[in-house]
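1. Dropping a prediction and its sequence here:
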Amino acid sequence: VQLVVSGGGMVQPGGSLRLSCAASGFTFSSYPTGWFRQAPGKEREWVATITISGGATYYVDSVKGRFTISRDNAKNMVYLQMNSLKPEDTAVYYCNAVQWVAAAWGPVGGYWGQGTQVTVSS
């Protein structure tokens, strides 16, 4: 399994970034896919999920209306468009195949990949 995330960087508050995740080593199109993030000193948190077909998306309340998740099953890619970024969005962002367990979205398996750093600062 490989999950290669790119597109992070440093941006000013109010700015935008688009993250990309290239998945390989498993049947990507067979799983819902999600984004997670981990800020310094905090636990990793779920950010967004997109269903297999892309027909439904779900977001943590703090990013609703600002972030958009999308996927391209033909390319085994998932994306996260992040607009109106805030300093509290600063974190390392990860993607993963996800499942709904115990009333929450969680990763399928324990592999995470390297993630990408997003820093929002003036």
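-> Yep, it's here.
2. most centrally placed residue in this protein?
-> Per Cα atoms, centre = their mean, the C-alpha nearest to the average position across the chain is that of W35, at 2.1 Å.
3. Going along the chain, name the strands of the protein.
-> Remark: strands assigned in the chain by DSSP state E are 2-6, 9-11, 17-24, 33-38, 45-50, 57-59, 67-72, 77-82, 91-101, 104-107, 116-120.
4. still on that earlier bit, contacting residues around the residue nearest to the centre of the chain?
-> For W35, the contacting residues are L19, C21, W46, V47, A48, T49, I69, V78, L80, Y93, Y94, C95, by Cβ atoms under 8 Å, 6 or more residues apart in numbering. (Glycine included, C-beta is placed from N, CA and C.)
5. cool, T33 as well?
-> Neighbours of T33 in contact, by Cβ under 8 Å, 6+ apart: C21, A23, T49, I50, I69, R71, V78, C95, N96, A97, V98.
6. Isn't the second one up against M77?
-> Yes: using Cβ atoms under 8 Å, A23 is in contact with M77, at 7.3 Å.
7. who has more neighbours, the two?
-> Taking neighbours as other Cβ atoms under 10 Å, A23 and M77 compare with A23 leading, 25 against 16.
8. Show the backbone phi and psi for the residue nearest to the more buried one when sequence neighbours are not counted.
-> Excluding the flanking residues, the one nearest A23 by Cβ to Cβ, 6 or more residues apart in numbering is N76, at 4.8 Å. Per-residue torsions, N76: phi 50, psi 50 (degrees, to the nearest 10).
9. contacting residues around N76?
-> A22, A23, S24, F28, S29.
10. go again using 10 Å as the cut-off
-> Contacts for N76 (Cβ atoms under 10 Å, 6 or more residues apart in numbering) come out as Q2, C21, A22, A23, S24, G25, F26, T27, F28, S29, T33.
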